[in-house]
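**Student:** let's see this in three dimensions:
(2 chains)
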Amino acid sequence: MSLIKITIDNQTIEVEPGTTILQAARMIGPGVTPPAMCYYSTLETSGGYCRTCLVKVSKGSEKDPRPMPKLVASCRTPVMDGMEVQNYTSEEVKDVRKAVTEFLLINHPIDCPICDQAGECHLQDLSYDRGKSQSRYDYEKRTFDEIDIGPTIKLNMNRCILCYRCVKVADQLTPQRVHGVMNRGWDSEISTYIEGAVNNNFSGNMIDVCPVGALTDRTFRFKSRVWFLKPYDAHRDCPDCAGKAVIWKFGNDIYRVTGRKDQWGEVAEWICNTCRFEKKDLSDWIEEGPRKIDRHSVISQNHYLKGTQFVASPEALPAKELK
Amino acid sequence: MSRKLLLAKDHVPGIRSYDVYRANGGYASVEKALKTMSPEAVTEEVKKSGLRGRGGAGFPTGMKWSFLAKPEGVPRYLVCNADESEPGTFKDRYLMERIPHLLVEGMITSSFALGANTSFIYIRGEYFYVSRILEQAIAEAYANGWLGKNILGSGYDLDLYVQVGAGAYICGEETALLESLEGKRGNPRIKPPFPAVEGLYRCPTVVNNVETIAAVVPIVNDGGEAYAAIGIGRSTGTKLISASGNINKPGVYEIELGLPVEEFLFSDEYCGGIANGKRLKACVPGGSSVPILPEYLVCKTATGDDRLMTYESLSDGGFATGSMLGSGGFIVYDENQCVVRNTWNFSRFYRHESCGQCSPCREGTGWMETVLRRLEKGMGNLDDIDLLVGVAKKIEGNTICPLGDAAAWPVAAAIRHFRHEFEYHVLHAEKVKDPKHGHKEPIMPVKPAPVVA
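**Tutor:** Numbers count the residues shown, from 1 in each chain, chains lettered A, B, ... in the order given. A predicted model of the protein is given here:
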């Protein structure tokens, strides 16, 4: 099949048919990539829910140049030949993205100081870039009780943004899903069937895909802030999974084990629960070397850069972008 | 007396039963279509009739049918959307309850036109008793050879099923309806692909409203051109309107499109005027999702023309001074009613019915409801009004399905036309503590002064 052309924020790339706008943007570079809270490259049918990746299609395709009437979710919209997309160059898109950030935050407890996800939280990154410093929502937030789902996973529904990623993990990685979204709308929550435990050897991946601190590792809870730990790529001979993981060390102690995330913060190869929760001794692992934290994330502490400052080609974006 | 097509035989006693319905000319459209017409010819008649979807969006039915993909070896489905849950709309229930065979007949004729061999009627859970009536009608149709194998010896097979939903408004959205029909959680799907290409069980599917499918019967019987002769412009045929609120004669009326709103509202044939001799305050012409109109815009458009019951005339002036025909839920408010309370009531509904899939709708509907509750109880402040406008604007158009729009429009419109009443709720907090404050001190809409150029 021949490649098709797409222009995002004045940068053109040729991609395979069937690629989504978001995937094409990621091929061009971080400077034109919309943020994504619910899309996950390795999970099928993920995306389309959070609406942070909305973009404006100013030209539908070469054949039908009409612009699309509404903003579209870039993670679920396939590229058409000759399509022109505005992301950071459109005021409307930036406006809506700020609004979506606000919507996601109105019920999210700002408990980052006691949240294990802090430092590697996508919502934290999103609100650092686009959030307001003060909330316009001055009512009580909705609250739920914390639940232990299984011996290794803690569910804090207050922090959940209902991205459906963990539901898709359970659907696609494990033979039988025992948890999902219950209730509707404002009251919807992730829950297991009558709080039954999630018992599956790959259930731990739910923790990795969770963009916020709703699902956390009970074997790591409150042990350390993530930015005090040094991540190392490591592998072991595992009969169940590829055994390629990241071990987070403090001195010679392994505090936790996670999957390897790519530059968009998404795990490419899943790891099993044995590797994740039980192998916390240095002798279990063969170290490959330290990992670089290259994401513009809160985890990089003093080296934190806002989205604009790492834009690949500055001429594509005039100054004072994003905010 | 205007012409009636759907409810013409409504007065006949026992029309609910097969024998009476058949004796009154029922199932003639099936005979005509299956014996003398090709499926394409039926679609062509529907196209000629100019029939537009009666569920709310008003999309031309013939065009929708012609979009249906027809790949070889893949079944096609027709699904009837009987999940009528819009506050203020109750026309489909009336039709299915009184003349169930009309829907069954329409389903057979439409399925034949689309080449569907299996069709479904998806009915909301609250209409459980209606589903019994429909099942009875379908059993009678099977017994008399209108359904099943080789109908009328034409070689066409059709099975028709009734599926009862669990009572979620969102399942009236066509893709959520299909998910629910497949046995999943009723979350709307992301489009594209559209149901015409990939719908029920990933096969091409057409989803139509009850009234739309029933209207196919007179179209096939009398021809598309005869149907198109009724009505004005692109609004052809007749429409069922469910009239409710402070009127003398609430109920379901069949009108010819193009009837002036004034006549519908005040003539004795229809609503019969405002109850108890009160004044008209406002009107929601198309079910809870459409913008509310203040008294001075109900019967006349902003340019001074008569407002007619058509898709075009009701939306004349855009959202600034117009509204929509929607699903035909005509709700009338008299001078004593409180617009703030009404808006709060609507947004409570949308908060409860949002599926929770995408963030602007899940969080935004709840947010609007909370702010409106505070305003209604007299605990709000003036900034809240602008906040509401801002939130509504950010929900609109940014969600997967139209529920977000439907939740945002009534709030935005109420503030656009009745801002003084929202301000009254802030400034006279003591008075509005009584929910019936409108009875003591009616607040009428204020017509903005004409802009002098």
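
**Student:** up against chain B, what does chain A have?
**Tutor:** A:48-51, A:54, A:70-71, A:73, A:76, A:96, A:99-100, A:102-104, A:106-107, A:136-137, A:139, A:142, A:161-162, A:164, A:180-181, A:183-188 (Cβ under 8 Å from any Cβ of the partner chain). Where C-beta positions appear, they are placed from N, C-alpha and C, glycine not excepted.

**Student:** give me that answer again for 6 Å
**Tutor:** A:48-51, A:70, A:76, A:96, A:99-100, A:103-104, A:106, A:139, A:184-186, A:188 (Cβ under 6 Å from any Cβ of the partner chain).

**Student:** show me those that map onto helices.
**Tutor:** The members of these that map onto helices under DSSP state H are A:96, A:99-100, A:103-104, A:106.

**Student:** if we can go back for a sec, of the residues of chain A next to chain B, buried ones?
**Tutor:** Among these, those classed as buried by 16 or more other Cβ atoms under 10 Å in any protein chain shown are A:48-51, A:76, A:96, A:99-100, A:103-104, A:106, A:184-186, A:188.

**Student:** just the strands in the stretch 101-250 of chain A please.
**Tutor:** For the stretch 101-250 of chain A, applying DSSP state E, counting those that start in this stretch gives strands covering A:147-149, A:153-155, A:179-182, A:189-192, A:215-217, A:230-235, A:244-250.

**Student:** could you dump the ones you listed to a markdown table with mean neighbour count?
**Tutor:** Putting these into a markdown table (neighbours: other Cβ atoms under 10 Å in any protein chain shown) gives the following:
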| stretch | mean neighbour count |
| --- | --- |
| strand A:147-149 | 17 |
| strand A:153-155 | 24 |
| strand A:179-182 | 17 |
| strand A:189-192 | 20 |
| strand A:215-217 | 23 |
| strand A:230-235 | 18 |
| strand A:244-250 | 20 |
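
**Student:** residue B:76 is nearest to which of the ones you listed?
**Tutor:** strand A:179-182 (30.6 Å; Cβ to Cβ).

**Student:** quick one: distance of the closest one to the chain centre.
**Tutor:** Taking Cα atoms, centre = their mean, to the nearest Å, the mean C-alpha location of strand A:179-182 is offset from the chain mean by 20 Å.

**Student:** show me what that strand is packed up against.
**Tutor:** strand A:189-192 (3 or more Cβ pairs under 6 Å, 6 or more residues apart in numbering or on different chains; DSSP states H and E).

**Student:** adjacent strands (with direction) for the strand it packs on?
**Tutor:** Its sheet considered, strand A:189-192 pairs with strand A:179-182 (antiparallel) by DSSP bridges.

**Student:** quick one, what contacts residue 163?
**Tutor:** Let's take chain A. Residues in contact with residue A:163 (Cβ atoms under 6 Å, 6 or more residues apart in numbering or on different chains) are A:37-38, A:50, A:211.

**Student:** sorry, should have said chain B
**Tutor:** B:120, B:122, B:181.

**Student:** closest to residue B:152 among those residues?
**Tutor:** Distances from residue B:152 to these, taken by Cβ to Cβ, are shortest for residue B:120, at 21.9 Å.

**Student:** so what's the residue count around that closest one?
**Tutor:** By the criterion of other Cβ atoms under 10 Å in any protein chain shown, residue B:120 has 24 neighbours.

**Student:** what's the closest of the strands of the stretch 101-250 of chain A to residue A:262?
**Tutor:** Closest among these, using Cβ to Cβ: strand A:244-250, at 11.7 Å.

**Student:** got a list of contacts for that closest one?
**Tutor:** A:229-232, A:234-235, A:254-258, A:260, A:269, A:271, A:275, A:285.

**Student:** ok, those vs chain B, which is closest?
**Tutor:** residue A:258 (25.8 Å; Cβ to the nearest Cβ).

**Student:** partners of the host helix or strand of residue B:159 in the sheet?
**Tutor:** Assigned by DSSP states H and E, residue B:159 belongs to strand B:156-164. Applying DSSP bridges to the sheet, strand B:156-164 is found paired with strand B:118-123 (parallel), strand B:148-151 (antiparallel).
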